[in-house]
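> got a predicted structure plus its sequence, pasted below:
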Amino acid sequence: MLKRFVIFTHRWLGVPLCLVFLLWFPSGIVMMYWGFPSVTAGDRLKRSPVLDPTTIVVPPEDAYAKLELEEPPRQTTVNSFNGRPVYRFRLAHGEAVVYADTGEERIDVSSEVMGRVAAAWSGQPLSEATVESLDEVDQWTLQGVFRDLSPLSKFSWPDGQQVYVSAETGEIAQYTTKTSRFWAYLGAIPHWMYFTPLRKHGPQWNAVVTWSSGIGTIAVCLGIVAGIWMYSPARVYRYDGMPSSIPYRGYKRWHMIFGLIFGIGAATWAFSGMLSMDPFPLSRNEPPGGGPDAGALLQRAVRAPLDVAAFASFPPRQALAGRADLSVKELELVSFPGRPAYLATLADGETRVLSFDGTIKQEFDRDRLIELITNATRALGLAEIRVLTRYDAYYLDRRRERPLPVLRVRFNDREQSRYYVDPKTALVVGSHRISRWMTRWLYHGLHSLDFPWLYDYRPLWDIVVITFMLGGTALAVTSVVLASNVLSRRSSRH
């Protein structure tokens, strides 16, 4: 009786969910190499002009004074907007932009400026663009981050480029091409269920994805139980006149074979996909005590509060003078404790530290960093500071874009927290706490198979993941065929 119940439940849960699994597995292969279109910091850097020191006329102290704010900025950078140098002051709430050539604050952005910004980004004449104002989200602006940038103007060119510009800030908010849209339709959109009518309703989309993956996990687990129950090691069944361990024929036979081989992986994959929606309060709770406090204290230890007045004796114009060979595209004002300096980002994405004495360094003083971290965090249970030249289990990146080497700072607090500091930028670039074990191992570990012993060896990781995805796809195909047969038989009875 129990066996029949398990098989019956597995069958009827599989009927509505088989198409979902058929969407998830092949799209997962695509997502290994192509994601959803977005504008990254690298994209912005690539399209930014090299800073011309002769155009940076206004000192940072005078530019910030234009804002008439009492609080110091949390971050100050010099880069470009609409072909002009600007200071970007990051504040507690938002960002203020002041032109470095005139000292005017950027407040309203005209449609002409938006058009020039979009044309410069695309490299195409503005006259050839079709312009439309977006009153609602479309397929490429579904995420919540775009709500803060709306309204958006969309510029489309005949070659397939689409540039979305925020009317609020004049900044590029989104960018797509024919190629990026094509792979998104095959990858991220079906995999994340980013179908516009559903995704634009956030709570409903969240519920659909969470319940689909949760119930899908149960359906697969029941299928594994049924398959093991029906499997006969003694080969008591007959198939084509020969002893067989499997009682079925046709697609049902293949479904059981694929289920026994790939079923556990499919179950853990569906379950880890559900965890990506953060359905359990445990994964959202911030740990008490040393975890987050240690991170904040650590960052303050290596980056002191910024005082723009400290750069009066060595303004950006002077720091960049005679540095044309560096091709600096962005300049950040930093306050390494007791030593104001500039962090220059070059055209290739590399950084250099420009000291007030005119020297150029690859990174901040590593020994000084370790000393600052040790003095500031010793009372929190500092366990060790180690230089990592390879990724570890909690700081890794299969595209190898995260910075190396880094300083790994580990604490003996109850969260066993660890932080990763980039000596090139003096920034905390990664962290991990025990309270996030579910996200690290049950989500990233099971869903992306980013285990260090596999992740570090490509293309081994690719081969393993693609093999699993193809097996899951085969399992989903047999599910769809069997589900259609079930529905056909049922409809024929009526």
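Nice, thanks for sending it over. Residues are numbered from 1 along each chain as shown.

> tell me what the top helix by length along the chain is packed against?
Across the chain, the longest stretch assigned as helix under DSSP state H is helix 460-493. With contacts defined as 3 or more C-beta pairs under 8 Å, 6 or more residues apart in numbering; DSSP states H and E, helix 460-493 has these neighbours: helix 2-31, helix 250-275, helix 452-455. Backbone N, C-alpha and C define where each C-beta goes, glycine included.

> will you turn those into JSON lines that also has mean neighbour count and mean pLDDT?
Below are the helices and strands packed on helix 460-493 laid out as JSON lines (neighbours: other C-beta atoms under 10 Å; pLDDT from 0 to 100):
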{"stretch": "helix 2-31", "mean neighbour count": "17", "mean pLDDT": "94"}
{"stretch": "helix 250-275", "mean neighbour count": "20", "mean pLDDT": "95"}
{"stretch": "helix 452-455", "mean neighbour count": "14", "mean pLDDT": "84"}
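
> so which of these gets nearest R181?
R181 sits nearest to helix 2-31 of all the helices and strands packed on helix 460-493, at 12.7 Å, using C-beta to C-beta.

> and the closest one, how far out from the chain middle?
Centre-to-centre, helix 2-31 and its host chain are 28 Å apart (C-alpha atoms, centre = their mean, to the nearest Å).

> buried stuff in the following helix or strand past that helix?
As assigned by DSSP states H and E, the chain's next helix or strand after helix 2-31 is helix 41-47. By neighbour count with 16 or more other C-beta atoms under 10 Å, helix 41-47 contains the buried residues R44, L45, R47.

> tell me which residues are up against helix 41-47.
Helix 41-47 has contacts (C-beta atoms under 8 Å, 6 or more residues apart in numbering) with A120, W121, I172, Y175, K329, E330, T345, A347, G349.

> give the contact list for the second one.
By C-beta under 8 Å, 6+ apart, the residues touching W121 are R47, V163, I172, Y175.

> who wins on neighbours among those?
V163 (25 neighbours; other C-beta atoms under 10 Å).

> next one: the longest helix of the chain to chain centre, how far?
29 Å.

> same question, stretch 444-463
Distance, centroid of stretch 444-463 to centroid of chain: 17 Å (C-alpha atoms, centre = their mean).

> now stretch 421-433
17 Å.

> contacts only, for S327.
Residues in contact with S327 (C-beta under 8 Å, 6+ apart) are V50, L346, A347.

> that one and E168, how far apart?
Counting by C-beta to C-beta, to the nearest Å, the gap from S327 to E168 is 31 Å.

> pLDDT weak spots in this protein?
Where the chain drops to pLDDT under 70, the residues are 281-293, 494.

> go with 50
For the chain, the stretches flagged by pLDDT under 50 are 283-292.

> please enumerate the helices of the stretch 51-200 of the chain.
According to DSSP state H, counting those that start in this stretch, the stretch 51-200 of the chain carries its helices in the segments 60-65, 111-122, 178-186, 188-192, 196-199.

> next structured bit after the last one?
By that I understand helix 196-199. Once helix 196-199 ends, the next helix or strand along the chain (criterion: DSSP H and E) is helix 202-230.

> and that next one, which residues are buried?
Of the residues in helix 202-230, 205, 208-210, 212-227, 230 count as buried by neighbour count, 16+ other C-beta under 10 Å.

> which strands and helices sit next to that helix?
Using 3+ C-beta pairs under 8 Å, 6+ apart: helix 202-230 touches helix 2-31, helix 196-199, helix 250-275.

> dump these to a markdown table, plus distance to G115.
Below are the helices and strands packed on helix 202-230 laid out as a markdown table (distance: least, C-beta to C-beta, whole Å):
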| stretch | distance to G115 |
| --- | --- |
| helix 2-31 | 34 |
| helix 196-199 | 26 |
| helix 250-275 | 41 |
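
> so which of those comes closest to F411?
Using C-beta to C-beta, these put helix 250-275 closest to F411, at 25.7 Å.

> give me the subset of the contacts of helix 41-47 lying in strands.
Using DSSP state E, I172, Y175, K329, E330, T345 are the members of these that sit in strands.

> quick check: the two most widely separated of these?
Among the ones in strands among the contacts of helix 41-47, Y175 and T345 lie farthest apart (C-beta to C-beta), at 20.0 Å.

> ok, which of the helices and strands packed on helix 460-493 comes nearest L442?
helix 250-275 (5.5 Å).

> what packs against the closest one?
Packing partners of helix 250-275 (3+ C-beta pairs under 8 Å, 6+ apart): helix 2-31, helix 202-230, helix 446-448, helix 460-493.

> tell me which residues of the last one come out buried.
Judged by neighbour count (16+ other C-beta under 10 Å), helix 460-493 contains these buried residues: 461, 465, 468-469, 471-483.

> with stretch 406-414 instead?
Residues V406, L407, R408, V409, R410, F411, D413 are the ones in stretch 406-414 that count as buried (16+ other C-beta under 10 Å).

> all set, thanks.
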